[in-house]
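> here's my sequence, what's the structure:
(chains A, B, C and D)
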2 protein chains.
Amino acid sequence: MTVSRRRKETQSEHAVERLRAVGLRPTRQRAALVRVLGSEHRHVSAELLHKEAQKAGVPVSLATVYNTLHQFTEAGLLREVVVASGRTYFDTNTGDHQHFFCEDDGELIDIDGEVIEVAGVPTPPRGMKLDRVDVVVRVKRSV
Amino acid sequence: MTVSRRRKETQSEHAVERLRAVGLRPTRQRAALVRVLGSEHRHVSAELLHKEAQKAGVPVSLATVYNTLHQFTEAGLLREVVVASGRTYFDTNTGDHQHFFCEDDGELIDIDGEVIEVAGVPTPPRGMKLDRVDVVVRVKRSV
DNA sequence: TCATTATTTTAGAATGGTTCTAACCGATAT
DNA sequence: ATATCGGTTAGAACCATTCTAAAATAATGA
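The predicted structure is shown next:
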């Protein structure tokens, strides 16, 4: 057994534990996607994750990637970020933070939650409850 | 000549002036869409505006509605609001303000610009210039 | 005015991201 | 082990939006 083999198994077990912890069945595909998502904070589209999974030798269907991304979001493992029509990102950083969004290339950059201060958010209209306050700082390439 | 006929012409002239003012050729369709958009602040989708134009007896193609909405946005007559994937709204209120967004029914509600205070917006990354800071207060129907 | 040119509009096809369908497969519990 | 129920899949369907190329219309200038 090689070292890399051992590392892989360890990661898989982590993945399985994470899934159990949030009440999701630890299937082959879900565990694989947790591993492909990795531990670094990043912003992935469904298509990108699908490609990465393929490249990593995990044959997951695009439908499953979509299903899984939504399940992970529900479970609090991911956060959905909508900044442009037809461009949904899933953010592995679920902590308090906001984003820069570059209109030109569609890139997202995190802004730490302590940096931006939002004050004066009004109470939601009758029959509504507050879910989240999103701040998107839209930027453009300067010339 | 009836009163309503006179009112219509007056509105058309207003529309034509507004178009000229922003450097857009005052074509039949564009003037009609300005009229259909009206003077009240509201949030319209391309599809809705298309339907309204049809109903108002102005046969504008959907492609033209899309073209026009984008031109109006460029010209500063409208503001584009993206809050959910595949759900683009155009806001006739181009002044400083933010939005409530109801995740359940997709409704947008304006929040006056003076109400919400955003502090600490960091300077954009190298090579980027700030375009706009959007705040979306996401709400859900409470039970 | 009329011709010329540039822009706009149009129907319908194409695109692209996302969701749906219905058959198949696999994890869990008995 | 086996049944059950949830998960996965390929491919079709969907739907908002964009594209295309041809026809229509506005601006320009003689």
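> what about chain A, any weak spots by pLDDT?
Scanning chain A with the threshold set as pLDDT under 70 gives A:1-12.
> just the strands in it please.
With DSSP state E as the criterion, chain A has strands at A:43-44, A:79-84, A:87-91, A:97-102, A:108-112, A:117-119, A:128-141.
> strand A:108-112 and the third one, what's the angle between them?
Orientation note: strand A:87-91 sits at an angle of 40 degrees relative to strand A:108-112 (axes from the mean of the first three to the mean of the last three C-alpha atoms, to 10 degrees).
> roughly how far apart are A:P125 and B:I109?
Distance check for A:P125 against B:I109: by C-beta to C-beta, to the nearest Å, it reads 6 Å. In this view, the C-beta of every residue, glycine as well, is placed from N, C-alpha and C.
> kindly report the same for A:R126.
A:R126 sits 11 Å away from B:I109, taking C-beta to C-beta as the criterion.
> these two: who's more crowded?
Neighbour count, other C-beta atoms under 10 Å in any protein chain shown: between A:R126 and B:I109, B:I109 has more, with 16 against 6.
> that one bridge partners, please.
Applying DSSP bridges to B:I109 gives these bridge partners: B:F100.
> correct me, but it touches B:H99?
Yes - here B:I109 reaches B:H99: they are 6.5 Å apart, a contact under C-beta atoms under 8 Å.
> around DNA strand C, pick out the residues from chain A.
A:25-28, A:45-47, A:62-63, A:66, A:70, A:86-88 (C-beta under 7 Å from any atom of the strand).
> run the last query once more with 10 Å
Contact residues, chain A versus DNA strand C (C-beta under 10 Å from any atom of the strand): A:16, A:19-20, A:24-31, A:45-50, A:61-67, A:69-70, A:80, A:82, A:84-90.
> among those residues, which ones are buried?
Taking 16 or more other C-beta atoms under 10 Å in any protein chain shown as the criterion, what is buried in the residues of chain A next to DNA strand C is A:16, A:19, A:24, A:26, A:29-31, A:46, A:49-50, A:64-65, A:69, A:82, A:84, A:88-90.
> just the helices in chain A please.
Along chain A, counting by DSSP state H, helices occupy A:3-21, A:28-37, A:46-55, A:62-74.
> mind listing residues that contact the last one?
With C-beta atoms under 8 Å, 6 or more residues apart in numbering or on different chains as the contact definition, helix A:62-74 has outside contacts at A:24, A:29-30, A:33, A:46-47, A:49-50, A:53, A:60, A:78-80, A:90.
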